[in-house]
Structure formats: C-alpha cells, structure tokens
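Colleague: What follows is a protein structure lacking sequence information:
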C-alpha cells in the first residue's frame, strides 16, 4: 500500500463515519459539526485526485462560509431533540428503501458500462487545475456560468425583499439628524416677567 | 536533509518521506512558537512605552523571561470545565483554533528555496485554512454553556464571515496581477525593487487586506468578540490554564500569519527593496552586501513591521461598535475591492500593467 | 467567442432587469409607475427583438447549450404577451395592498429570463438552471405579501415541494449523464438511440426520475399536491403569473427533454405519460366540483388541462406535439383572462376568491360578466371558442393514433368538468348579488382584459394562423 493509498483509505473511513454520524447523532449542533468533518474529508479526497481547486473551494465555501452560518442558526434555535427524533423510526423504512434504490442505481450505472463512459482524463502536467477550470468556465460554459450568477442575484433580491422591512415599533437613531440639530430645535427661550414675591417668606 | 535521509536508510522509502516532512514542520513551527511567545512580551512592552510606562521588567534581564514565566504559570493551572458543558468540544475548540493558524505556514515561502510545500493553489489553500479558524471560536462559545461565550462566538462568526469576503476579493486582485495562485510566483512577480511591489498599484486592496486581517484575527479595534467591557471575555470566558493559553497562542499565531501574508502578497516577501535599484556589485560587499541582498531577513523585518502595526492599533484605537464593524465590512471594504478589481481587470485587458 | 446573436433577447432582458432594479432604487413611491412602464417597455423591446430575429432554421450557440428554433420563438412571444398582461392586471391590485414595489417587476423579469433559458435550453445543465431561476423567483413572488400567513404557508409548501421536484429531476439527469457521458441533449438523444438492449433498465430508472420531476413542475397527478394550496395562498396577481407563463416554459421543458432528448425511448415514456394524463383528467375535473374557492377550483381545472397537454405529447407524433402546443398556448391565454377578472374584482381589503363573490356579477359588471362567460365557455370547450379547437385537436390526434378509448374518456371527463364552469356562469347570471360590488379598473387594464378574453372567440373562429404555426413548428424538426 502506497502512502497515497493509505491517505485515501484514511480519509474515506473518516468521511463515511462522519456522514453516518450526521444522521445518527442526537444533537443538531454535533450533526452540523460532523457534516463539516464530512466536507473536509471530501475535500481531502478531491485533493488526492489532484482536483486541488475544487477541494479547496469546498473548504472555503461550504466549510468556511455556509456551514458557519448554518451553525449560527442551529445554535440560536432551541431545538427540542426528543421531539425531532419521534418520527425517526417511522421514516426509517422509507429512507432505507430510497437508500437501497439509490445504491442499486449507482451500482448499475457504474458497473454496467452500457455506454463507453470514459474514465477521468489524466491530469495534464503543465496546466494547473485552477487555470484549466477557469479556461473552460469562461469559454465553453460561459452561458450556464452567467445564469448561475443571475440565480445568485435573484437569491439576494428575494432574500432582501422578504426580510428587509421597517417595522413601526422599532426604535433607531439617525446620527445625521442628531448632528444637524441646532440649539433652536431643542431649547425655547421664553421671556417671562419676574413673579412677585408672595407676602412673607 | 540528505544526511538525515541517509541516517534513516533502514526505514521504508515512504516512511522516510513522512519523517523528513515532520522534521521540516518542526523546523518551521518552533521559530513560529518562539515568535508568538515574544510577541506577547513585545505587545506589553510596546503598549507600555506608548503609555509612558515600563512594561514587564522583573523576570530576567529587562523582563525578557516574562513569556517563559507566563507559559509555566498557565501550564500548571487547572483547566476548569463548566457544568453541563460539551466536554469533548470544549477541549477540542482551542486546538481547532490553533491548528489552521499553524497549518497555513506550510505554503509560506521564507526565501526562494525555503518552503515546505510549493503547491499550485497556495493562495487558495491559505484562504481556505484561515476560514477554518472561526470554528474554534464558534465551538468554544457553544460548548462553554455560557451566555457571554455564545454572544462572543456569534459576534465573531458574523464578523469573520463578513471580512473574509473583502479579504478574498483583495486576494483576487493580487492573483490577477501576479497571474498565479502560487505564493512563490506571486513574490517573483514583484521582483525588481520596491517600486515593483504590489502595494503601490494595489494600494486599495493592500489596505483592505490588512484591515480585514486585523478584523479576522479579532484584534483591536475589531475585538468585539472578546469585548471585555461588554461580555467579560467573549468566547473564552470559561477557559483557564492551558486551554486558554492555546487560544492565546492561536490569536498571536494568526497575527504573525497575517503579517507574513501581507508581506508576501503586497511587499514582495523575502525580496530586498534595493534589489534592481542598487548595482549588482553592491550585493558582493562582504557583510553589508548579504544584508542588502534579498533573503529571509527581509521577510522577517517586513513581518515585524506589520506586527508593530497590530500593537500600535491596539494602543491607539477605541473599539468599534458592532454595527459599525458590519457597516465598514459590507459597505466600505467590499465595494472598494469590487471597484478596484474592476479597474485592475480593465487595465489588464488594455495591456497596461504598472507593476511590470 | 460564441455567437451571441441568437441570444440577444436574453441579453437584452438581463440588462433591462438590472436597469429596472437600479432605476427603481432612486424612485419615490409616487413615481413607482415609472418602474412599471419601464418593465412594459422591456417586454415590448423583447417582443420586437424576438420577432425580428425569427428564422425558420434552427440555430444553436454556446456550444449547443442554447437553441433557437421556431418552437422557442413561438413560446417566447406568447410568454412576453402573457407576462405583460399579468403586469397590467396586477398593477392596481398591488397598489391596494401596499405591494407595489420595485422588486415585484424585477422578480417577474428574472423569472421570465428563467423561462426563456428553459425554452431555449439545449443541455441538461441550462435546462435545470433556467428552471431554478424561474422557481426561485416564483418562490419569492408567492411569499411577496409578508403580512399574509396564507401566502407564507403557500410559499413554504411551494418551496419544499419544488425543491424535491428539482432534486428528482436533477437525479434523473445525473443518471442519464452517467450513462451517456454528455449533458448535451442532442448527443444524449444520439447515444440513447444507440443504447444496447440490456441498458434499457438503467435508462428507464433515469427517465422515471425525470418524469416525476416534470410532473411535479407541471402539476400532473399524482404530483399535483402543491397546486391548490399555492394557487389559493399566493396573491391573486402572482397566481395569475404562476398559472400561465410557466406552463408555456414547462411545455418547452417537456419537449426538450422527452422529444429532443429521449425520442428513442418514446415507447416507455409514452406509457407513463398516459397514466399521468388519465389520472390528471379524473382528479382535476372531479375534485374541482367540490371546491368553493375559485382559485382552488382553477388549480384543479389547471390539473385537468395539464392532463390534456400530457396526453397530446404522449401520442409521440408531430400531430400530437402540435396539438399539445396549441392547447398550452390557448390554456395560458384562457386562464390569464380568468385570473385577470378575479384580480380586477378584488378590491382593497377584499379578495374575490369565493364562488359566492361571483353571484349576480351580471348586474354590477355586465361587461366583466360577459368576458367571464366567454372564458368559461372556452374552458368548457364550447364550439366557437378557442378552447373547443384545442380540445378537438388533441382528441383528433388521439383518435388518429389509435387511442380511441382514451379520446372517449377525455370527452367524458370534459363533460364532468363542464359542471363547475357552468356553475360560475349560473352564479353570475341567475343569482342575486350578496354584497355591494365595486369593480374599478384603469382604462388600459380594461382594454387588455377585453382583448385577452375576446381573443378566445377570435381564435375559436379563426384558428388557422396559430394552428398552421403550431404544425410548422414540429413539421420542420
């Protein structure tokens, strides 16, 4: 077994175990953290396949940003664990059936070799992965790439238009208004006649 | 290296490689850790002088043994685990926070030959690893079972995610100028004297990168995650002893890393500022020549300068309010980088490259 | 550099959507109608661009992932018309409900872009991305009225089920990609046609998932659960959009995937489609009778119309495809008009969505009642209306291809379906009004609504041009 093979089995074992724990672990925060572990080991596998760009991007985008925000939400929620686990047993048969079907399908597709599916192309020595992906993305796949950009734009617009609204009850300061204030806006000088002293005192 | 390899001849070839890599890792990490230790002393001294006081001066000559004393003290303190805390996560959080800060050094070139792993996507690797550091903070905040810790963790998470975008965009500008993600090649692209360094044409990105770097390390004036006046000590309020020390190490290791990266990306790394300006004969002068020539000492000087800036900021700036941090990140830094990258792209498309 | 000329309408739309988005930022609420007119101007520009660029030959660009043929042009033109009409109808409705914001037309424009991408898709990738662009915009539109819990509920349901459907579709696509090694629909078709006999099962697996996804998106039984809730919960102006234009794009998706991508597998998908069609006709028509909410009833009516479209495609001949295309276009126009009337009848603080709201419409709004009469007649398929021609053509294609029993069944179901359309006519003309109705609409809205409804008669009496176009679309390819 070469060192690379050893690394492969090492990362693969961690990935499978972590993925399993994602669905079996009780605490949602732990589940999210196991998902992070799964992502990281998947990224390591990709790097072993010499797809370093994709691997690092997986870490950067999913682990570094998406899962952080995800954890953020999960930690803020007061999740009732017992309630969440109630349906587990009843969903299990359906989930098993779906899982088995998927495994069978993947097996059929991968083993049958009905069509001549080519094995992955060996890496060309002098072109870096990042450059190669960039070259394809901005030429052959520029159209889907642009649509993906539009989809993200729509996601931003949708998220903002659904959440950004000023509720009447919220209190906020406007510093500009505060700075612009002149004495006359706040203080009113009233000239009053001096009052006469009452008798005595 | 060859001698060590020869000594290990009795081992299988694969194992020799592993051992050699481990030795190199130690050779990099040991100086880093020492630097971390003395950075803490430097911080106290520098801030002390800025505030016209002495700083630590009791342990050893001029207080030089202070970090050792601190380390010994922290090592012998008890690690208290709060009731109902997630024990495993509580223990592992400081390590998660430290590991990426150290792992990132794998691709940092100290000189033209001195680099552990000269990988193609070095810049991306750095970006990916620095984005991992936030997990330590989040996990610590959550596992502590404390309100202050959780608040600190949430603040830190939002802040790091926000500034990472600006940081990433600043890096995009660098890689556009250098045409490579490899850190060695990025430095090579800045050859030819101080006026070829990227901080001149990319001054906007340089500032954004360093400001984001300060924010990413949760240092003053962006240290709301600790915010001792508001939420005690933020995410590490429940930590004590060595567990706390590891967080401390992680913070300073991250500072050094940011300083080193700013040096590499914008100030030409180990390149000498006189390289290409002075005649080649100047570099052959016995002692002065090797000082003027490019080399690892320039890398150290430049990094030290940025570390001084870190300390200077802490001594002079008041802490940002949380919403101001968010405003600066999203509404100032990100637009600046976007416009800068657009302009840079335009310049490259028109064939006008001032850095060459 | 790929040839950009075929995609000029898409590029124009994307640019204009961004322009509208930015311009709207600087407008005050009183000036918001500028956004509206700019959007309409965009649609007019799109119409002209597409019309001018029409060719009889098929052009592909972006490495085959973009197709411009007569099917695409025809569907796109009708999509523009439908979108423009929906925007006209919704203007006052939105103003009454404080929803007249800039994001609304922008999201509509982006979903239009998604539809155009779908209609012109030449590969699995672009088809799926177009679908996602459309769906994402629609989810946001359904939830647009933040203060309505019904709308939020509908949006969540739509989002969850839509995501499942997308997942199914994507899974099916990925299996076919694994089998053929290409995303390009034309090459997929070639390689599937050359597939060895023992590969049939794997292909069937992938195809079933794709069909499930398609059925979800179109709303064919048994994947129709989301339709009634979403139709009812969404603001009526959004329902009007959701129930019309995306069906045109959905038809394109059906044709691109099944006919252009998997033509060689027609025998297998034909059977599944037949089942979907038969069930849709039954469930749609029968359950609609029990509804008291018009929007819900129209959702079931949509399901039954989808049944007809599915049966038309199921035949697998050019005649069948043409009839289904014609049916889709006519259906889109019919339901556009019907929802238009519902929108116009709704007032501030009042939603016209119950059957009782239709009572005595003839007395208060004679003209609107008359338009509704035409639309209902067309939905039933009374001779002289476009709905009749559409139904007749699909039935004829069924009979010609030997599916006589299916044709008889479809007629039977249409007769059952006639009941609930006739009930509306009865409510409008025979019953007394229960409430003081006050329908008002802007002049331009009224004109558009009238033209829309009367076109049902016009197309019913003179269907020649449209039928010829529909025939030509598939005869050439």
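Modeller: Yep, it's here. The model shown is predicted, which means the values in this text are computed figures rather than measured ones. Residues are numbered from 1 along each chain as shown, chains lettered A, B, ... in the order given.
Colleague: who touches stretch B:214-232?
Modeller: Taking Cβ atoms under 8 Å, 6 or more residues apart in numbering or on different chains as the criterion, the residues outside stretch B:214-232 that touch it are B:130, B:133, B:137, B:148, B:151-153, B:155-156, B:159-160, B:163-164, B:167, B:233-237, B:251, B:254-255, B:258, B:310, B:313-314, B:317-322, B:325, B:329. In this view, the C-beta of every residue, glycine as well, is placed from N, C-alpha and C.
Colleague: Indicate the residue of the stretch 201-350 of chain B located nearest to chain C.
Modeller: Residue of the stretch 201-350 of chain B nearest chain C, by Cβ to the nearest Cβ: residue B:349 (14.1 Å).
Colleague: C-terminal to the helix or strand where residue B:187 lies, which secondary structure element comes first?
Modeller: In this structure, residue B:187 sits in helix B:183-188 according to DSSP states H and E. Note on helix B:183-188: by DSSP H and E, the next helix or strand toward the C-terminus is helix B:203-216.
Colleague: Just give me the longest helix of the chain.
Modeller: No chain was given, so I picked chain A. The single longest helix within chain A, with elements called by DSSP state H, is helix A:88-112.
Colleague: let's do chain C instead
Modeller: Longest helix in chain C by number of residues, with DSSP H as the criterion: helix C:149-180.
Colleague: Can you name every helix or strand that the helix or strand just after that helix contacts?
Modeller: Once helix C:149-180 ends, the next helix or strand along the chain (criterion: DSSP H and E) is helix C:185-193. Applying 3 or more Cβ pairs under 8 Å, 6 or more residues apart in numbering or on different chains; DSSP states H and E, one finds that helix C:185-193 contacts helix C:124-142, helix C:149-180.
Colleague: Could you pull up the mean pLDDT of whatever helix or strand comes next after helix C:185-193?
Modeller: Proceeding C-terminally, helix C:185-193 gives way to helix C:200-218 as the next helix or strand, assigned by DSSP H and E. Confidence over helix C:200-218, taken as the mean pLDDT, stands at 86.
Colleague: contacting residues around the helix or strand following helix C:200-218?
Modeller: Taking DSSP H and E as the definition, the helix or strand that follows helix C:200-218 towards the C-terminus is helix C:226-233. Helix C:226-233 is touched from outside by C:142, C:148, C:150-151, C:153-155, C:157-158, C:161-162, C:216, C:219, C:239, C:242-243, C:291, C:293, C:295-296, C:298-300, C:302-303, C:353, with contacts defined as Cβ under 8 Å, 6+ apart.
Colleague: One more: stretch C:51-63?
Modeller: Looking at what lies outside stretch C:51-63 - Cβ under 8 Å, 6+ apart - the contacts are A:140-143, C:2-9, C:66-70, C:73, C:77, C:122, C:126, C:184, C:476-477.
Colleague: Apply 7 Å and report the result again.
Modeller: The contact list for stretch C:51-63, computed with Cβ atoms under 7 Å, 6 or more residues apart in numbering or on different chains, reads A:140, A:142-143, C:2-3, C:6-8, C:66-70, C:73, C:77, C:122, C:476.
Colleague: Tell me the buried residues within these.
Modeller: Of the members of the contacts of stretch C:51-63, the ones counted as buried by neighbours, 16 or more other Cβ atoms under 10 Å in any protein chain shown, are A:142-143, C:2, C:6-7, C:66-70, C:73, C:77, C:122.
Colleague: so where do the helices sit in chain A?
Modeller: Assignment of helices within chain A using DSSP H yields the ranges A:3-24, A:28-48, A:52-57, A:67-76, A:81-85, A:88-112, A:129-137, A:142-163, A:175-180, A:183-186.
Colleague: Could you measure from the closest residue to chain A within the stretch 201-350 of chain B over to residue B:138?
Modeller: Among the residues of the stretch 201-350 of chain B, residue B:323 lies closest to chain A, at 10.2 Å counting by Cβ to the nearest Cβ. Using Cβ to Cβ, to the nearest Å, one gets 21 Å for the distance from residue B:323 to residue B:138.
Colleague: These two: which is more packed in?
Modeller: Between residue B:323 and residue B:138, residue B:138 has the larger neighbour count (other Cβ atoms under 10 Å in any protein chain shown), namely 28 against 8.
Colleague: pLDDT wise, what is the more buried one at?
Modeller: For residue B:138, the model assigns a pLDDT of 85.
Colleague: For residue C:213, the count of nearby residues, please.
Modeller: For residue C:213, the number of neighbouring residues by other Cβ under 10 Å comes to 25.
Colleague: quick one: pLDDT of the closest residue to it other than its chain neighbours?
Modeller: Leaving aside its sequence neighbours, residue C:213 sits nearest to residue C:169 (Cβ to Cβ, 6 or more residues apart in numbering or on different chains; 2.8 Å). Per-residue confidence for residue C:169 comes out at a pLDDT of 92.
Colleague: Who are the contact partners of residue C:169?
Modeller: Contact analysis of residue C:169 by Cβ under 7 Å, 6+ apart lists C:128, C:210, C:213, C:214.
Colleague: Between all of those residues, which two are separated the most?
Modeller: Checked with Cβ to Cβ, the contacts of residue C:169 reach their widest spread between C:128 and C:214, with 11.9 Å between them.
Colleague: does residue B:278 count as helix, strand or coil?
Modeller: Using DSSP: H, G, I helix; E, B strand; the rest coil, the three-state assignment for residue B:278 comes out as coil.
Colleague: I'd assumed residue B:293 was in contact with it.
Modeller: No - with contacts defined as Cβ atoms under 7 Å, residue B:278 does not count as touching residue B:293, sitting 9.3 Å away.
Colleague: Neighbour count for the two, which is higher?
Modeller: Neighbours were tallied for residue B:278 and for residue B:293 using other Cβ under 10 Å; the higher tally belongs to residue B:293 (19 against 16).
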